[in-house]
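Undergrad: Sharing a model that was predicted from the sequence below.
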Amino acid sequence: MTVQVIEKVSASPDAIKPSPKSTGVQIDPLLVTWNGDDDLEHPYNWSLARKWAITILLSNGGLVTLMSGAMLAPALKSIAADLKTDEEETQIFLSIFVLAFAFGPMVLSPLAEVFGRRPVWMLSSCFYILWNTVAGFSQTPGLLIASRILSGIGASAEFAISNPVLSDTWIPEQRGTSFSISTFLPLLGPALGPIIGGAVSQSIGWRWTFWILSIYDGLLVVIAFFVFPETYEVILLNRRADKLRKRTGKPYYTATQAASDTLKSRLSISLTRPFRLLVTQPILQVVAIFLAYNFGILYLVLSTFATLWIERYGQSEIQSGLNYIALVIGYTIAAQVGSRMMDRLWAYLKAKAGNNTAPEYRVPLMVPGAVLIPLGLVIYGWTAEKHLHWIVPDAGIAILGCGIINNTQSLQAYVMDAYRQYVASAAAASQFLRSIAGFAFPIFAPAMYQNLGYGWGNNVLALTFVVIGWPAPFLLWTYGAKLRAMGKTQK
């Protein structure tokens, strides 16, 4: 197998313009750029304390998002009894939140490229708090569904903003390390959500599962006022140009924005960019399909996980929630070990290629993920089917979680490296199909397990993954550069 090596993928601040000293090129004096690689205003050169504060804040925001998605699972029976809904409609209360993740980033990501990461994250968080609070007051299924999808749009800022901010502030050689920290808290969400949700719904009522998260996210918004500055270098340079125009009266501009650009023109281009990228970039289409099946399988399994323990193992809502700890163990192992392997593989392949880089250097980490996902599905399915001791299906779910995170981290890092200038829009485009799959797969989960059982049902999922997932790393490694070259140039 061979991989085409490309130059540095816009990995450094001076990718915006060449240095006149090194190239002899005459630079327009009105063009505003960074003052070399060591410009202290570039986010790459901020202090470690400042960068970690931003990373940990967004990590907490991700925790809220993933807890919101899973927290209702143990409380679904209580909600169904209060709102008088059947099993299929009750399942929508859980999965409709994930559907919002498909459409929210397609709007929020381009807005973040026009107005900046900070204001979009702040306003989206406030939007989430409003509608998540309303969900707790719902007296009808319709209001609960509406408030869930609206709060999901606000919560989807995690998928629109977090990875772009990591790309803004951390150099590619540190991306794995930043992933290991930024994903640690969010990956606790699928475990903490059901545990807290089960305890809360059993003690003070399911409505408090919403209100507790609204209070927590409100505290994060207050903290963000003090620790979350703007990180997007395009916005920072545009602000520098604006200040120079006001101070001197001269038409200073940047490489991405002319002095005469209007807000309307920038919005018209940006708001369509995720859709244009998805339609015109073959590599994003391939990544989107792989992410979609990963996410769909995960949510299909999670949507029935609490039901397995309550109905088949006779556990209480609180006890059923504790089994999600197994999933988080798998997540954490993959995030911490995989992210460090990602940095080492990147450094090794970069040195081997004469200090040149390529997004394909993120692909090797997909190989263990491709093995672990079907293995975890089979172990979890058949041990649950045979009603073995709870620790065995939990081991299977941990292996599945480990594989899901390995694949997801690799594909996300690939997109970040391949679309450095428009990473927010590219990330949104790559995640569009996965969120639709995360919504759709759980809808047929109860019927599948009722008809096939946990064993044969998971066998079908595992076999389908082998057909789709095993060729994925080889396809990206061998043909990734060609597929990227086939994409149309975007503005």
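TA: Cool, the structure landed.

Undergrad: Excluding chain neighbours, what is closest to the spatially most central residue of the chain?
TA: Taking Cα atoms, centre = their mean, the centroid of the chain lies closest to Phe159, which sits 4.2 Å from it. Nearest non-adjacent residue to Phe159, counting by Cβ to Cβ, 6 or more residues apart in numbering: Pro105, 4.9 Å away. Every C-beta, even on glycine, is put in place using the N, C-alpha and C of the backbone.

Undergrad: what's the burial count for Cys402?
TA: 26 (other Cβ atoms under 10 Å).

Undergrad: doesn't Gly376 make contact with it?
TA: Yes. If you go by Cβ atoms under 8 Å, Cys402 and Gly376 touch, sitting 7.3 Å apart.

Undergrad: residues touching the residue nearest to the centre of the chain, list them.
TA: Phe159 makes contact with 65, 101, 104-105, 427-428, 431, 435, according to Cβ atoms under 8 Å, 6 or more residues apart in numbering.

Undergrad: Please, which helix or strand holds it?
TA: Taking DSSP states H and E as the criterion, Phe159 maps to helix 157-169.

Undergrad: Taking helix 157-169 as reference, get the angle to the following helix or strand past that helix.
TA: Going down the chain from helix 157-169, the next helix or strand is helix 175-182, by DSSP H and E. Interaxial angle, helix 175-182 versus helix 157-169 (axes from the mean of the first three to the mean of the last three Cα atoms, to 10 degrees): 140 degrees.

Undergrad: from the chain's centre, how far out does stretch 413-429 sit?
TA: Here the centre of stretch 413-429 is set off from its chain's centre by 12 Å, with Cα atoms, centre = their mean, to the nearest Å.

Undergrad: again, but for stretch 62-80
TA: What separates the centre of stretch 62-80 from the centre of its chain is 18 Å, taken as Cα atoms, centre = their mean.

Undergrad: picking that back up, give me the distance between the residue nearest to Phe159 and Pro164.
TA: Relative to Pro164, Pro105 is positioned 10 Å away (Cβ to Cβ, to the nearest Å).

Undergrad: same check, this time on Lys243
TA: Per Cβ to Cβ, Lys243 is found 24 Å from Pro164.

Undergrad: And these two? Which one has more around it.
TA: Neighbours were counted for Lys243 and for Pro164 using other Cβ under 10 Å; Pro164 has more, 24 against 12.

Undergrad: Name the helix or strand for the nearest residue to that one once chain neighbours are set aside, please.
TA: Nearest non-adjacent residue to Pro164, counting by Cβ to Cβ, 6+ apart: Ala424, 4.1 Å away. Using DSSP H and E, Ala424 sits in helix 423-469.

Undergrad: for the stretch 151-300 of the chain, which spans come out with low pLDDT?
TA: Applying pLDDT under 70 to the stretch 151-300 of the chain flags the ranges 175, 190-191, 258-262.

Undergrad: Tell me where it has helices.
TA: For the stretch 151-300 of the chain, helices defined by DSSP state H, counting those that start in this stretch occupy the ranges 157-169, 175-182, 189-203, 208-227, 233-248, 263-270, 273-280, 282-307.

Undergrad: could you dump those to JSON lines with distance to Leu130?
TA: Output for the helices of the stretch 151-300 of the chain, formatted as JSON lines (distance: least, Cβ to Cβ, whole Å):
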{"stretch": "helix 157-169", "distance to Leu130": "14"}
{"stretch": "helix 175-182", "distance to Leu130": "26"}
{"stretch": "helix 189-203", "distance to Leu130": "20"}
{"stretch": "helix 208-227", "distance to Leu130": "8"}
{"stretch": "helix 233-248", "distance to Leu130": "26"}
{"stretch": "helix 263-270", "distance to Leu130": "24"}
{"stretch": "helix 273-280", "distance to Leu130": "25"}
{"stretch": "helix 282-307", "distance to Leu130": "25"}
